[in-house]
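Asks: no sequence for this one, just the structure:
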């Protein structure tokens, strides 16, 4: 029998925003119930004050310890499939590494994200933007070193990618990742199926960064914080319906053995909780 | 010792939108934890298909039965204070009626809402817009008849009220409710305290319809449904900070013995749940 586990990883340090922890709690609450899927919470240090940079990376040692702890949980459980409920994007590192070790060259990665996540400490400081680089054995050398089964650039397909920065384009080219910027036109479900078929990926891991979604349609995102008008990076352009069609196409062609959902930022939930904390009757 | 209970009432029929049920679930999840406050869920029929009008009111007999069931739960518990987590606005009816019976003329009502909620079946069809009318012994005669301890129009203070419709203005005048339209300027915390003091309300019930909030700041609202540009009524103008200041002022002057939080519509949570229902790996 196939063993699927759920990892709840309320990691926020990789994006330097404690609200990612609340996002993980909420994802765990709203995900479909399934008694056959054991949910394990990976213990993550809670917010106690501002984080410091180490080697140019925010909270590098904390994030590294979180990855180690996640890998330990997975090693104890030896699942066939892993659902990961983040937390920031870095939560994919340990599960995807483990699944690559298990399935080898049969395994492709579909990265549904507005951003390429191949940054390095030379161009950026938050680890969540480096996770795919780490999984390729590049990214942040300290974190990349932990990857036991690095992926090949040919194993990666971006869905929903927006215009990378000039620095990111240099790295994408160095890594040899074939990518399409999907601002005007999304990759189609048929193209995704063709890619899986041609590369003979019978298994696939899917990283679903919610930032890929259009913040006008879905607002529990970095790019939809109430009162904030300008952001330092491009927001997503994908609709919920497009994500659904892509996911259905993937499942038709290949077996999804890993799914990460990351970067939920439930601003309104947080604001209501904050308001209620001043309502005497609750206490 | 003071006994405070929480009523979770996933009633949606009063607003004819099943999403109100999810709002109640989410409110229960996000509210401050307190083991001293027993939470009781009032059983409410779930969505099975479109509702029908009876005597010009959507699902009148179902809503009436929900009020009866709520009153029964309260009668069994005989609490001193009630926190009600809706559900649509009608959920305030049974708790406020009970508390009025308990505290009599010491009890004022503060209705934090963009809308006056004094409609009748002659001008509108959804019961959630009639709840304050019912509590005054008017509103929908079938529901008003259930109120054991009708309030006086002098016991009501609106906070955050927006421009009522011409039909509503006629009813407000007939009822003799003194109201301020607060589109340009909100009532101040000091004015709220003065009103409580001058009327000698040592106890107060607060109805907090989340619709009072500005939908640009808080999006889990009727007036912030993704993709919808126009609405048939006025949205709220209040900020979260203003609600906080009002609530603190109320608690300084008087004892809050009842609080309803109503009309949470968590569109993004619902949309994500819907999307996940097509992700095979969860099942």
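Replies: Now that the structure is in, tell me what you want to look at. For clarity, every value in this text was computed on a predicted model and none was experimentally measured.
Asks: nearest residue to the one residue in the stretch 151-283 of chain A that gets nearest to chain B other than its sequence neighbours?
Replies: The minimum distance from the stretch 151-283 of chain A to chain B, using CB to the nearest CB, falls at residue A:282 (4.3 Å). Where C-beta positions appear, they are placed from N, C-alpha and C, glycine not excepted. Leaving aside its sequence neighbours, residue A:282 sits nearest to residue B:32 (CB to CB, 6 or more residues apart in numbering or on different chains; 4.3 Å).
Asks: Now do the phi/psi pair for the one you found.
Replies: phi -60, psi 130 (degrees, to the nearest 10).
Asks: and it, what does it touch?
Replies: Residue B:32 makes contacts with A:273, A:276, A:277, A:282, A:283, as judged by CB atoms under 8 Å, 6 or more residues apart in numbering or on different chains.
Asks: try residue A:147
Replies: Contacts for residue A:147 (CB under 8 Å, 6+ apart) come out as A:93, A:97, A:134, A:135, A:137.
Asks: Apply 7 Å and report the result again.
Replies: A:97, A:134, A:135, A:137 (CB atoms under 7 Å, 6 or more residues apart in numbering or on different chains).
Asks: Leaving aside the residues adjacent along the chain, what's closest to it?
Replies: Nearest to residue A:147 is residue A:97, by CB to CB, 6+ apart, at 5.0 Å.
Asks: that older thread, pLDDT value on the residue nearest to residue A:282, please?
Replies: According to the prediction, residue B:32 has pLDDT 98.
Asks: next one: residue A:95
Replies: pLDDT for residue A:95: 98.
Asks: what about the residue nearest to residue A:147, distance to residue A:161?
Replies: The span separating residue A:97 from residue A:161 equals 22 Å under the rule CB to CB, to the nearest Å.
Asks: Of these two, give the one with the bigger neighbour count.
Replies: Using other CB atoms under 10 Å in any protein chain shown, the more surrounded residue of residue A:97 and residue A:161 is residue A:161, with 27 against 22.
Asks: Going by distance to residue B:7, which of the contacts of residue B:32 wins?
Replies: Proximity of the contacts of residue B:32 to residue B:7, judged by CB to CB, is greatest for residue A:282, which lies at 13.6 Å.
Asks: Looks like that closest one contacts residue B:30 (just checking).
Replies: No: at 11.2 Å, residue A:282 and residue B:30 do not qualify as touching, with contact defined as CB atoms under 7 Å.
Asks: Those two: which is more packed in?
Replies: Ranked by neighbour count (other CB under 10 Å), residue A:282 and residue B:30 place residue B:30 first, with 21 against 16.
Asks: ok, the more buried one - contacts?
Replies: Contact analysis of residue B:30 by CB under 7 Å, 6+ apart lists A:269, A:272, A:273.
Asks: The second one - nearest residue in space that isn't next to it in sequence?
Replies: Nearest in space to residue A:272, with sequence neighbours left out and distances taken as CB to CB, 6+ apart, is residue B:30 at 6.2 Å.
Asks: Need phi/psi at the one you found.
Replies: phi -90, psi -10.
Asks: before we move on, the earlier item: now do the contacts for the residue of the stretch 151-283 of chain A closest to chain B.
Replies: For residue A:282, the contact set (CB under 7 Å, 6+ apart) comprises A:276, B:31, B:32, B:34, B:83.
Asks: what about burial for those residues, which qualify?
Replies: Buried members of the contacts of residue A:282, counted by 16 or more other CB atoms under 10 Å in any protein chain shown: A:276, B:31, B:83.
Asks: now those as JSON lines including secondary structure?
Replies: As requested, these are exported to JSON lines (DSSP: H, G, I helix; E, B strand; the rest coil):
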{"residue": "A:276", "secondary structure": "helix"}
{"residue": "B:31", "secondary structure": "coil"}
{"residue": "B:83", "secondary structure": "strand"}
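Asks: Quick check: of those residues, which lies closest to residue B:65?
Replies: Nearest to residue B:65 out of those is residue B:83 (CB to CB; 22.4 Å).
Asks: could you check the distance from the closest one over to residue B:203?
Replies: 15 Å.
Asks: and residue A:260, what does it touch?
Replies: For residue A:260, the contact set (CB under 7 Å, 6+ apart) comprises A:84, A:86, A:91, A:92, A:95, A:207, A:208.
Asks: Counting by contacts, list what the biggest helix by length in chain A packs against.
Replies: Scanning chain A for the longest helix, with DSSP state H as the assignment, gives helix A:60-77. Packing partners of helix A:60-77 (3 or more CB pairs under 7 Å, 6 or more residues apart in numbering or on different chains; DSSP states H and E): strand A:4-9, helix A:93-103, helix A:141-144.
Asks: again, 6 Å this time
Replies: Counting contacts by 3 or more CB pairs under 6 Å, 6 or more residues apart in numbering or on different chains; DSSP states H and E, helix A:60-77 packs against helix A:93-103.
Asks: Partner strands of the very next helix or strand once past the helix it packs on and their direction?
Replies: The first helix or strand that comes after helix A:93-103 along the chain, using DSSP states H and E, is strand A:107-112. Using DSSP bridges, the strands paired with strand A:107-112 are strand A:156-159 (parallel), strand A:203-209 (parallel).
Asks: Average pLDDT for the last one, rounded please.
Replies: It stands for strand A:203-209. The average pLDDT within strand A:203-209 is 98.
Asks: Give me the contact list for it.
Replies: For strand A:203-209, contacts defined as CB atoms under 6 Å, 6 or more residues apart in numbering or on different chains pick out A:89, A:92, A:96, A:99, A:103, A:106-113, A:254-263.
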